[in-house]
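Student: Generate a structure from the sequence data that follows.
(one chain, ligands or ions: 3)
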Amino acid sequence: MAPASIAPFQARRQQLIALMMEQGGGIAIIPTARELIRNNDNHFPFRHDSYFYYLSGFSEPEAVIVLIAQAEQQRSILFCREKDPEHEIWDGFRFGPTAAQSNFGFDFAYPIESLNDKMPELLADAGKLFYSNQTEPHLNHQLSQWMQTVRGKSRSGISAPAITIDVRELLDEMRLIKDPHEIALMQRAASISGAAHARAMRHARPGQFEYELEAELLHEFRRHGAQAPAYGSIVASGANACVLHYQHNQAQIREGDLILIDAGCEFDSYAADITRTFPASGKFSAAQKNVYNLVLNAQQAAMAWARAGAVYMDGHHAAVRVLTEGMLDLGLLDKNIVGNVDDAIAGLAYRQFYMHGTGHWLGLDVHDVGRYRDVQKMGDERPYRRLQEGMVITIEPGMYVRPADNVPEQYWNIGIRIEDDILITADGHLNLSRDTPKTVAEIEAEMRSATSVCPA
Ligand code: GLY
Ligand code: MN
Ligand code: MN
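Tutor: Ligands and ions are numbered 1, 2, ... in the order given. Reported below is the predicted structural model:
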C-alpha cells in the first residue's frame, strides 16, 4: 500500500539531496532490507530497512533508492520488482516500476533486474558516493563490481567516485528531528501501546502465565491496526522483573508478584516503547509502593529536564540522584558503607539496583539512530548534545532489587521500571504515552475496573 501522503517522503529526499549538495554533490544509494529465511523455505515477516522507508514509504523487498545531487541535475530513482502475475497469485500485489514511480513520487523507476546495467552509468562522473556499507551489506559486492566497471573506463576520461561518505551521517541527523507526519504516527503508536498496557492490567490475575498477558498486548496492538510489536515484549513477573532483557514470558504469576511489562507496538513503521509495573493482585504492598513511588519520583525529576536546551544526560543525573537518596532512605544502601548521597553517586553504589541508562532516542527504530554526543571533540570526554524541538526520547528509570545479604528481605525480587515516550516541543515536552495508567492510584483503579467486566 502507498502511504496516505507521499509529500513527507518526497520532502525528505529533497532535504537529503540539499545536504549532499552542501558537501559538493554526488550520488546516494540506499537499499532496503533483504528477506530473511526463518527455516527451510519459510521467511521471517519482511521488515523494510528504516533508512530506505524513511525516504520512500515503499515497503516491498528487493528495492533500491538512488539519488543524484549534481549542479546540473537532481533526480530521485527507485529500482523495484517488476509486476509478475504468477508471483502475485502466491505472494500478493506488487507495484511494479511504472505504478511505483507515480504512487511514490519518484522522477524515474526501473526494474530491479536493471540495477547492474544502470549503476555503472549512474556512477560515472557522479561526484562523491553517499553510501553505508553496514546497513544492508548485501549490496557491497555488487557496488564494488560497478565501481570496477566505471574505473575500467578511466582512459575515456570517466571517473568513479573517489570519496565515499557514510550516508547515515546525514540521515541520522535528519531522523533525529521528527517532522509532523512522524509525530502523528508516533502518537498513534504510543496511544495504542498505552491501551495495550491498560488492557494487560485489567486482565492480570495471579495463577496466569506471563504469555497470557503477552497475548492481551498483541490483541490490542493488532485490533488497532498496528503491524507488529516494535520489539520482543517483556512480561516479567516476580524475580523475572529483575532480569533486564527477560523475554521468556513462560512463568506462572503468583499472588504478591509485581508484573513488569515493557512493550510497544510498531504503527506504520514507528515504534512506541512503554514500561509499566503493577501488582498481580491489584494492590501494591507497602514495600512495593515505597519502591514504586521512588522510581516514579525519579522519572518526574528526569522529565523536568525534557526540554530544548537541556543536555541529554541531565535527566539521567536527576533520576540517579533521586534514586540514590531513596536507596539510602529505604536502607537498601548503608550510609556507613557507601557514604552520603554524593559519595554513593560518585562511587556508583546505586548501580547495585539501577544499572542502565535513563533513555534513548525513539523513532523508526526502538533504539533510534542519532548521535548522543557532540561530534566536535573526540573520545569519552565529548560532551553530550543538547535536546532540540522534534526529538523523541524515552525516560525510563527503574530499580531492580535482587536478593542479597545487604538488602532487607521485604524488598527482595522487586523489579520496577516506568518508561514513557517524550517529544521535545518548543516550550517543554509532550508525553506521547500520557494516557497509560501510571500512579499507584491510577493503576489500582484500572485493575479494579476489570472485575465487573471480566471475572477471574
Ligand atoms: N524496550 C527496550 C528499551 O526499553 O530500551
Ligand atoms: Mn526503552
Ligand atoms: Mn522499553
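Student: With L217 as the reference, measure out to D262.
Tutor: Going from D262 to L217 by CB to CB, to the nearest Å gives 10 Å. The C-beta positions use only the backbone N, C-alpha and C, and glycine is treated the same way.
Student: Mutual contacts of those two, please.
Tutor: Residues touching both D262 and L217 (CB atoms under 8 Å, 6 or more residues apart in numbering) are S233.
Student: where does the stretch 301-450 of the chain have low pLDDT?
Tutor: Across the stretch 301-450 of the chain, the ranges flagged by pLDDT under 70 are 376-380.
Student: Show me the helices in it, by range?
Tutor: For the stretch 301-450 of the chain, the helices defined by DSSP state H, counting those that start in this stretch cover 314-330, 335-338, 341-346, 440-448.
Student: So which of these is nearest M201?
Tutor: Minimum separation from M201 across the helices of the stretch 301-450 of the chain (CB to CB) falls at helix 440-448, 4.8 Å.
Student: Now the closest one: buried residues?
Tutor: By neighbour count with 16 or more other CB atoms under 10 Å, helix 440-448 contains the buried residues V440, I443, E444, E446, M447.
Student: thinking again about what came up before, which of the helices of the stretch 301-450 of the chain is buried the deepest?
Tutor: Mean neighbour count (mean count of other CB atoms under 10 Å) peaks for helix 314-330 among the helices of the stretch 301-450 of the chain, with a mean of 21.
Student: How about that one and ligand 2, touching?
Tutor: No: Helix 314-330 lies out of reach of ligand 2 by CB under 5 Å from the ion, never closer than 12.9 Å.
Student: List of residues touching that helix?
Tutor: Helix 314-330 is contacted from outside by 290-291, 294-295, 297-299, 301-306, 332-333, 335, 338, 340-341, 344-345, 349-350, 353-354, 357-359, 393, 395, 397, 399, 408, 411, using CB under 8 Å, 6+ apart.
Student: Looking at stretch 206-215 now, give me its mean pLDDT.
Tutor: The pLDDT scores in stretch 206-215 average 98.
Student: How about that stretch, which residues are buried there?
Tutor: P206, Q208, E210, E212, L213, E214, A215.
Student: With respect to ligand 3, which of those residues is nearest?
Tutor: When these are ranked by distance to ligand 3 (CB to the ion), E214 comes first, at 14.4 Å.
Student: mind listing what the closest residue to L430 other than its chain neighbours touches?
Tutor: Distances taken as CB to CB, 6 or more residues apart in numbering place L423 nearest to L430, at 4.6 Å, with adjacent residues excluded. Counting by CB under 8 Å, 6+ apart, L423 touches K178, I183, M186, G390, M391, V392, H429, L430, N431, L432.
Student: Bridged to L423, which residues?
Tutor: With DSSP bridges as the criterion, L423 is bridged to V392, L430.
Student: Packing partners of whichever strand or helix holds L170?
Tutor: L170 belongs to helix 168-176 when elements are defined using DSSP states H and E. Secondary-structure packing of helix 168-176 (3 or more CB pairs under 8 Å, 6 or more residues apart in numbering; DSSP states H and E): helix 7-22, helix 50-56.
Student: any chance you could map the strands in the stretch 301-450 of the chain?
Tutor: Along the stretch 301-450 of the chain, the stretches classed as strands by DSSP state E, counting those that start in this stretch are 392-395, 398-401, 414-417, 420-425, 428-431.
Student: Can I get those in JSON lines including distance to E72?
Tutor: JSON lines is the format used below for the strands of the stretch 301-450 of the chain (distance: least, CB to CB, whole Å):
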{"stretch": "strand 392-395", "distance to E72": "38"}
{"stretch": "strand 398-401", "distance to E72": "55"}
{"stretch": "strand 414-417", "distance to E72": "54"}
{"stretch": "strand 420-425", "distance to E72": "39"}
{"stretch": "strand 428-431", "distance to E72": "44"}
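Student: could you dump those strands to CSV with distance to ligand 1?
Tutor: Below are these laid out as CSV (distance: least, CB to the nearest ligand atom, whole Å):
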stretch, distance to ligand 1
strand 392-395, 6
strand 398-401, 10
strand 414-417, 8
strand 420-425, 10
strand 428-431, 16
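Student: count of residues packed around the residue in the stretch 351-456 of the chain positioned nearest to ligand 2?
Tutor: Closest contact between the stretch 351-456 of the chain and ligand 2, by CB to the ion, is at T394 (4.2 Å). The tally of other residues near T394 (other CB atoms under 10 Å) stands at 25.
Student: do the same with M355
Tutor: M355: 12 surrounding residues under other CB under 10 Å.
Student: if I look at it, how far off is D257?
Tutor: As judged by CB to CB, M355 and D257 stand 21 Å apart.
Student: ok, now P161?
Tutor: According to CB to CB, P161 and D257 sit 59 Å apart.
Student: Can you name the element that comes right after the helix or strand hosting I77?
Tutor: Assessed by DSSP H and E, I77 sits inside strand 74-80. Next helix or strand after strand 74-80 toward the C-terminus (DSSP H and E): helix 85-91.
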